[in-house]
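Trainee: Can you look at this prediction? I've put the sequence above it.
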Amino acid sequence: MNDKELLPLLEKMILGDETAFPLVYRATHQDVYRTVAFLIFNKQEIEDIVNEVYLRMWRSYHTYDPSRPFRYWLHGITVRQVQDWKRKAWRRLRIFERNRLLATQQYDWTERVVLQSESQLELFRSVRQLSYKLRVVVILRYFHDYSLEEIADLLKIPLGTVKSRHHLGLKELRKRYPIAEGDLYAH
């Protein structure tokens, strides 16, 4: 379902029609889940974050500007929710414990659901190895096709920082997975 098809449902939500929310949820859940799965490793955390995204969306849908793309607005909520989650997790865990946990996680469930071909699996693993700051820029750029300017606006960081992270992310990916930049769009 594209933004034009979602707009009438969003208008119903704004007018207080609670039956519209489950329809918006069904239309966007897979995309939100996939985005969070690219950014977070633990399945339980992914589900918790996705739930938080929709709670935040429900609480703030009245702030949505219909002149802008809905999915852009929703991706902004998603990325900010992941960032909030990561910030809270950072406080709870010591660096050593966190790294140990991430190193021992099994990712097979994510790989089966999100990726199907061998080359996609290899690329996905390479993207997963990037630091969070580089990974979020690469995912927003190549999996959601946002411009660098849109990413800067979405992440609330300077354009130069986005460009730098984009460049460093591609540089790291080229070291691990020898591809041309255009190949990212194919996946």
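Mentor: Arrived safely.
Trainee: Let's test this: mean pLDDT of stretch 128-144, rounded?
Mentor: For stretch 128-144, the mean pLDDT works out to 90.
Trainee: repeat for stretch 46-59
Mentor: Stretch 46-59 comes out at a mean pLDDT of 92.
Trainee: what comes into contact with it?
Mentor: 21, 24-25, 29, 32-33, 36-37, 40, 74, 77-78, 81-82, 85 (C-beta atoms under 8 Å, 6 or more residues apart in numbering). The way it works is simple: take the backbone N, C-alpha and C, and place the C-beta from them, glycine included.
Trainee: now with 6 Å?
Mentor: Stretch 46-59 is contacted by residues 32, 33, 36, 37, 40, 77, 78, 81, 82, 85 when judged by C-beta atoms under 6 Å, 6 or more residues apart in numbering.
Trainee: can you tell me how far the second one sits from residue 49?
Mentor: If I follow you right, that is residue 33. Distance, residue 33 to residue 49, by C-beta to C-beta, to the nearest Å: 9 Å.
Trainee: about what we covered before: which ones among the contacts of stretch 46-59 lie within helices?
Mentor: 32, 33, 36, 37, 77, 78, 81, 82, 85 (DSSP state H).
Trainee: from these, which single one is nearest residue 128?
Mentor: residue 37 (10.0 Å; C-beta to C-beta).
Trainee: so how far is residue 39 from the residue lying closest to residue 173 once chain neighbours are set aside?
Mentor: In space, and not counting its chain neighbours, residue 173 is closest to residue 126: 5.4 Å by C-beta to C-beta, 6 or more residues apart in numbering. Separation of residue 126 from residue 39 (C-beta to C-beta) stands at 15 Å.
Trainee: Which of those two has more residues huddled nearby?
Mentor: Remark: of residue 126 and residue 39, residue 39 carries more neighbours, 23 against 17, as counted by other C-beta atoms under 10 Å.
Trainee: per-residue confidence at that one?
Mentor: Listed pLDDT for residue 39 reads 90.
Trainee: How many residues are close by residue 33?
Mentor: 18.
Trainee: meant to ask about residue 59
Mentor: Around residue 59 there are 10 residues (other C-beta under 10 Å).
Trainee: That one: which element?
Mentor: Element membership for residue 59, per DSSP states H and E: helix 43-60.
Trainee: Let me see the ranges of the helices in this protein.
Mentor: Using DSSP H, helices in the chain cover 3-14, 20-39, 43-60, 70-92, 95-104, 108-114, 118-128, 132-138, 148-155, 159-176, 181-186.
Trainee: and the angle for the second one with helix 43-60?
Mentor: Between helix 20-39 and helix 43-60, the angle formed by their directions is 140 degrees, by axes from the mean of the first three to the mean of the last three C-alpha atoms, to 10 degrees.
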